[in-house]
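Participant: Structure of the sequence below:
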Amino acid sequence: MKIEDVAEAAGVSPSSIYRYFGTKEGLIVADEFDTWGKETIEAVLDPRDPVGSLIEAVVAYEAPRTSGGDGVVPSADIPWRRVRYFFAEPSVRLAAQASLDRASLLIAPLLVSSGALSPTQARVAANSLAFGYFACLEQWYLDDRTRPIAWYVEEGLRPLREIWGERRTDPDLTAAPQT
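Facilitator: As a prediction, this is how the structure comes out:
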C-alpha cells in the first residue's frame, strides 16, 4: 500500500501523513504514547520506580477497552496486533527504535530532576527502560504471545527494578572534575 492510498482513505494529503508520522513505518508504530509530552510523562512516571510505572502503563494499555458506540468491545489483542511488524520488518523495527529513543529523551530529564541520578546515569537508565521494554515485546512475540505482555515486562525488567533499589554513588565519580 502506498502513502497516497492511506492518505486518500483518511481524507488527508500525503504530505499530512509524512508531517505527522515521518514515514510509512512511522505510521505503523505510532500510538497514543507518541503524543505524550513532558507533562504526561511526569504524571505517569514515578522517577523513584520507573519500572513499576511502566508496568502499570502496560497493564492499563493491555486491559480490554470499553465498548464503542456500536456496543462492540474490542479484543484485548487489538493493541498488540501491529507489534509483529516491529520484528518481522526491519524498516518498521528501526521506526520503533526511533520512537523509543524519543521517549527516552523525555524520560531522562525527569530521572535527573528526582535528584537520584546524574545526567549520564539518567540517560543510560532511560534507554535501559525504553529499549528493555522493546526487548520484552520481542520476547512476547517470539514466545507466540503465551502470556500477557505485562508479565514479560515485569519479568524482563526485574533486573532494572533491582538496580533501582540498589542505588549507590561513588564519591570519586560524582565529584566535579578538577581544573
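
Participant: Provide the secondary structure category for the residue lying closest to residue 85 once chain neighbours are set aside.
Facilitator: Spatial nearest neighbour of residue 85, excluding adjacent residues (CB to CB, 6 or more residues apart in numbering): residue 92 at 4.5 Å. C-beta: built from backbone N, CA, C; applies to glycine. Applying DSSP: H, G, I helix; E, B strand; the rest coil to residue 92 yields a three-state assignment of helix.

Participant: how many neighbours does residue 92 have?
Facilitator: With neighbours defined by other CB atoms under 10 Å, the count for residue 92 comes to 22.

Participant: Make 52 the first number, not 1, from now on.
Facilitator: Let's use 52 as the start, then, which means that last one is residue 143.

Participant: From residue 111, how far off is it?
Facilitator: 24 Å (CB to CB, to the nearest Å).

Participant: Repeat that for residue 199.
Facilitator: 12 Å.

Participant: and what of residue 87?
Facilitator: 13 Å.

Participant: Kindly report the same for residue 99.
Facilitator: 19 Å.

Participant: out of those two, which sits in the busier spot?
Facilitator: Shown here are residue 99 and residue 111; by other CB under 10 Å, residue 99 has more neighbours (13 against 10).

Participant: helix or strand for that one, which one?
Facilitator: In the assignment (DSSP states H and E), residue 99 maps to no helix and no strand.

Participant: What is the neighbour count of the closest residue to it other than its chain neighbours?
Facilitator: Spatial nearest neighbour of residue 99, chain neighbours left out: residue 165 (6.6 Å); criterion: CB to CB, 6+ apart. Neighbourhood size, residue 165 [other CB under 10 Å]: 13.

Participant: Angles on the backbone of residue 165, please.
Facilitator: Main-chain torsions, residue 165, degrees, to the nearest 10: phi -70, psi -20.

Participant: was I right about it contacting residue 96?
Facilitator: No. Residue 165 is beyond contact range of residue 96, at 9.9 Å (criterion: CB atoms under 8 Å).

Participant: can you give me the helices in the chain?
Facilitator: Secondary structure of the chain (DSSP state H): helices at 54-61, 65-72, 75-80, 89-95, 101-113, 134-139, 141-164, 170-193, 200-216, 222-225.

Participant: hang on, the earlier thing: separation between the residue nearest to residue 136 and residue 95?
Facilitator: Residue 143 sits 25 Å away from residue 95 when distances are taken as CB to CB.
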